[in-house]
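> just coords:
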Ligand SMILES: C[S@@+](CC[C@H](N)C(=O)[O-])C[C@H]1O[C@@H](n2cnc3c(N)ncnc32)[C@H](O)[C@@H]1O
């Protein structure tokens with residue numbers, strides 16, 4: 001995890017109070033960015049972050065000294081605008097590009113691909129399409145990193161559904177969850193395309209049913 005002054009200085013780059021609080025919370029309690037950083041540690045390939053939100057992963061990578069070029073894509077215009085302002089303030093504008101676009105309209109890319117907590121906001125068929133597109137954007141030696149809630153009969157899954165209810169009705173993610181994937185729904189298409197898949201629980205200090213799924217050739 002990142003030290004408190006660094007977390008604070010990243011959060012202060014965002015324009016609204018809510019975004020700053022969100023950034024502080026995510027950087028303090030969610031292990032997704034550190035786990036992604038760990039997987040990417042030995043790679044210098046560019047990063048495509050699909051459903052990047054505010055682009056917090058870029059700030060985490062930058063602050064921890066991992067600086068391959070980074071492209072973030074999100075269909076929420078407010079988050080992308082706030083992310084651009086924050087990247088400018090941090091002097092990361094040459095290294096980070098943030099695109100306002102749907103996950104179905106990705107810019108050209110050949111490198112590592114990251115999907116942190118986006119799949120379940122798409123219907124089942126679109127999740128399959130997005131996994132296929134993500135694989136097309138993966139370089140020969142690239143890695144696909146997915147962090148997502150999985151549909152499982154346990155209390156963490158129910159806690160995640162409650163959180164998603166609040167995320168939707170607070171307006172933070174207005175589209176709301178569409179389909180919670182099972183592990184097999186994610187793993188099967190990746191393995192069918194010849195990727196090796198490793199899976200581990202990744203909830204850190206959150207009550208949510210989150211997993212890290214790492215796929216490479
Ligand atoms: C829970 S947030 C995760 C943000 C970021 N990946 C992170 O971990 O900090 C999910 C993001 O996916 C984005 N999203 C959902 N559906 C999308 C789509 N069809 N195209 C692009 N972005 C999408 C939302 O706008 C939101 O910012």
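That came through, no problem. Nothing here was measured: the structure is a model prediction, and the numbers come from that model.
> Give the helix, strand or coil label for the residue sitting furthest away from the middle of the chain.
Computed with CA atoms, centre = their mean, the residue of the chain farthest from its C-alpha average is residue 153, at 24.0 Å. Assigned with DSSP: H, G, I helix; E, B strand; the rest coil, residue 153 falls in the coil class.
> Tell me the spacing between it and residue 201.
15 Å (CB to CB, to the nearest Å). Just so you know, the C-beta spots here come from the backbone N, C-alpha and C atoms, and that holds for glycine as well.
> just residue 140 next, same as before
Distance from residue 140 to residue 201, by CB to CB: 29 Å.
> ok, now residue 42?
Counting by CB to CB - residue 42 and residue 201 are separated by 23 Å.
> do residue 195 as well
20 Å.
> So if I had to pick from those two, which one is more boxed in?
residue 195 (18 against 11; other CB atoms under 10 Å).
> Write out the residues of this protein neighbouring the ligand.
Taking CB under 6 Å from any ligand atom as the measure of proximity, the chain contacts the ligand at 32, 51-53, 56, 74-76, 79, 102-103, 116-118, 121-122, 173, 175.
> Now, of these, which are buried?
When those are checked for burial by 16 or more other CB atoms under 10 Å, the buried set is 32, 51-53, 56, 74-76, 79, 103, 116-118, 121-122, 173.
> Show the residue spans covered by the helices in this structure.
Under the criterion DSSP state H, the chain carries helices at the ranges 4-11, 17-29, 32-40, 56-63, 77-89, 124-136, 155-169, 183-192.
> Same list (those) but as TSV, adding distance to residue 95 and mean pLDDT.
TSV is the format used below for those (distance: least, CB to CB, whole Å; pLDDT from 0 to 100):
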stretch	distance to residue 95	mean pLDDT
helix 4-11	15	97
helix 17-29	19	95
helix 32-40	14	97
helix 56-63	7	97
helix 77-89	8	97
helix 124-136	22	98
helix 155-169	29	92
helix 183-192	29	98
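> most packed of those helices?
Counting by mean count of other CB atoms under 10 Å, helix 56-63 has the highest mean neighbour count of the helices of the chain, with a mean of 23.
> can you state the direction angle for it and helix 32-40?
Per axes from the mean of the first three to the mean of the last three CA atoms, to 10 degrees, the angle that helix 56-63 makes with helix 32-40 is 60 degrees.
> residues making contact with helix 56-63?
Outside of helix 56-63, the residues within contact range by CB atoms under 8 Å, 6 or more residues apart in numbering are 2, 6, 10, 13, 23, 26-27, 32-34, 36-37, 40, 47, 49, 52, 67-68, 70, 72, 83, 86-87, 90, 92, 95-96, 114, 116.
> let's see 7 Å
With CB atoms under 7 Å, 6 or more residues apart in numbering as the test, helix 56-63 has contacts from 2, 6, 10, 23, 26-27, 33, 36-37, 49, 67, 70, 72, 87, 90, 92, 96, 114, 116.
> cool, and stretch 85-105?
13-15, 50-52, 54-55, 58-59, 62, 67, 69-75, 77, 80, 83-84, 107, 118, 130.
> ditto for stretch 116-127
Under CB under 7 Å, 6+ apart, the answer for stretch 116-127 is 32, 50-51, 57, 103, 130, 147-149, 173, 175, 177-181, 185.
> Let's see that with 8 Å instead.
32, 36, 49-51, 57, 103-104, 130-131, 145-149, 164, 173, 175-181, 185-186, 210.
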